[in-house]
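Student: 3D model of this:
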Amino acid sequence: MVAVTPVLDAPRELAPAGRRRVRVWRGLALGLAAVYFLLPLATSFWFTVHNERQGFSLAPYPRILAAEGFGTSMLLSLGLAAATIVVALGLTLPAMLAVRLGAPRLRPVLEVVCTLPLVVPPITFVSGIGTVLRSGPDLLATTPFWGTLMAIQDERFPLVLVLAYVVLALPFVYRSLDAGLRAIDVRTLVEAARGLGASWPYVLLRVLVPNLRSAITGAAFLTLALVLGEYTVAALLGYRTFPVWIVTVAGSEGQLSVAVSLLSLLIIWLLSLALSGAGAGRRRSS
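Tutor: Numbers count the residues shown, from 1 in each chain. You can find the predicted model right below:
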């Protein structure tokens with residue numbers, strides 16, 4: 001018994017040291033990640049506030065709000081992002097629920113369809129859209145769809161960009177919602193709600209959506225980041241969204257363009273924090 005006692009006590013004595021080693025490695029990994037992400041941002045910030053002739057100056061940042069086209073392009077991109085989030089969630093969530101509840105065998109088909117945009121190069125995608133928009137007026141000139149084709153290309157709010165962004169965001173929205181649906185028992189929740197007399201809209205909005213709030217918030221954030229950073233589709237179709245405006249400004253004022261890029265990252269972070277805070281507040285209230 002004397003020889004056995006130290007063997008039993010050894011794990012208890014080594015456990016705190018093991019936890020300390022885990023904390024050290026965790027802190028080291030987080031520190032390296034922070035350097036990897038923050039060092040380029042710090043370098044970019046220094047480029048915007050320092051030059052050899054004037055020295056240190058914050059002048060580029062007050063000039064952002066006065067720059068021509070800043071407010072218009074930013075509001076346009078935010079409006080496109082909001083519309084894309086609504087359309088993408090409105091199409092994807094009901095389709096995933098219908099397949100999960102009524103036709104489980106179609107789940108692989110839906111997954112392939114939703115992830116297909118990942119294998120299509122954006123330049124090919126936008127070339128196809130441009131071909132359709134160029135040939136559409138001639139083909140649809142004698143049909144009622146001619147007016148619709150013209151309306152979705154309105155420069156004030158181009159719905160054609162919303163449709164394109166929905167396709168590009170579909171894989172991210174699908175993955176986020178799929179993870180949320182796998183974490184809950186959808187069939188039991190639906191059957192219980194329907195058994196109590198709830199309608200399908202009530203089941204979707206008051207039963208399932210609250211349980212999928214984290215997944216919906218993640219999908220909305222990914223879509224927002226995609227729209228505010230997408231350049232190829234908007235530029236080739238001839239629309240001046242916020243990323244296109246940044247590239248246009250970069251040709252004449254380098255410091256201003258980098259300052260605007262940092263501001264756009266800050267806006268995305270603030271909006272993501274607002275989405276996360278709203279979701280956490282609703283969870284606490286419920």
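
Student: all helices for the stretch 151-286 of the chain, in order.
Tutor: Under the criterion DSSP state H, counting those that start in this stretch, the stretch 151-286 of the chain contains helices at 159-182, 186-195, 200-202, 209-211, 213-229, 232-237, 242-250, 254-285.

Student: so how far is P117 from the residue nearest the centre of the chain?
Tutor: Residue closest to the mean C-alpha point of the chain, counted by C-alpha atoms, centre = their mean, is L222 at 1.4 Å. From L222 across to P117, the span is 13 Å (C-beta to C-beta, to the nearest Å). No exception for glycine: its C-beta is placed from N, CA and C like everyone else's.

Student: confidence score at the closest residue to H50 other than its chain neighbours?
Tutor: In this structure, H50 finds its nearest non-sequential neighbour in F56, 5.3 Å apart by C-beta to C-beta, 6 or more residues apart in numbering. As predicted, F56 sits at a pLDDT of 77.

Student: Would you confirm that F56 contacts V49?
Tutor: Yes: with contact defined as C-beta atoms under 8 Å, F56 reaches V49; the gap is 5.8 Å.

Student: Of the two, which one has the most company?
Tutor: Higher neighbour count among F56 and V49: V49, with 16 against 8, using other C-beta atoms under 10 Å.

Student: residues touching that one, list them.
Tutor: Contacts for V49 were tallied using C-beta atoms under 8 Å, 6 or more residues apart in numbering; they are F56, S57, L58, P60.

Student: circling back: right, so of the helices of the stretch 151-286 of the chain, which gets closest to A141?
Tutor: Of all the helices of the stretch 151-286 of the chain, it is helix 159-182 that lies closest to A141, at 18.2 Å by C-beta to C-beta.

Student: who touches A193 in this structure?
Tutor: Per C-beta under 8 Å, 6+ apart, neighbours of A193: Y202, V203, V207.

Student: want to try TSV for these, with pLDDT, neighbour count and distance to L140 as columns?
Tutor: Listed next are these as TSV, based on pLDDT from 0 to 100; neighbours: other C-beta atoms under 10 Å; distance: C-beta to C-beta, whole Å:
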residue	pLDDT	neighbour count	distance to L140
Y202	87	13	40
V203	86	19	39
V207	87	18	42
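
Student: Same list (those residues) but as CSV, adding distance to A151.
Tutor: Listed next are those as CSV, based on distance: C-beta to C-beta, whole Å:
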residue, distance to A151
Y202, 34
V203, 34
V207, 36
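
Student: Which one of these is nearest to P108?
Tutor: Closest to P108, out of all of those and judged by C-beta to C-beta, is V203, at 25.2 Å.

Student: Excluding covalently adjacent residues, which one is nearest to the closest one?
Tutor: The nearest residue in space to V203 (C-beta to C-beta, 6+ apart) is A193, at 4.6 Å.

Student: ditto for L159
Tutor: Among residues not flanking L159 along the chain, I152 sits closest, at 4.0 Å (C-beta to C-beta, 6+ apart).

Student: what's the one you found in contact with, if anything?
Tutor: Contacts for I152 (C-beta under 8 Å, 6+ apart) come out as P158, L159, V160, L163.

Student: same check, this time on G254
Tutor: F47.

Student: cool, F157 as well?
Tutor: L76, G79, L80.

Student: Pull the number of nearby residues for the second one.
Tutor: It stands for G79. With other C-beta under 10 Å as criterion, G79 counts 14.

Student: tell me the SS of it?
Tutor: helix (DSSP: H, G, I helix; E, B strand; the rest coil).

Student: Check what pLDDT it gets.
Tutor: 93.

Student: The closest residue in space to it that isn't next to it in sequence and L76: what is the separation?
Tutor: The spatially closest residue to G79, leaving aside those adjacent along the chain, is F157, at 6.3 Å (C-beta to C-beta, 6+ apart). Distance check for F157 against L76: by C-beta to C-beta, it reads 7 Å.
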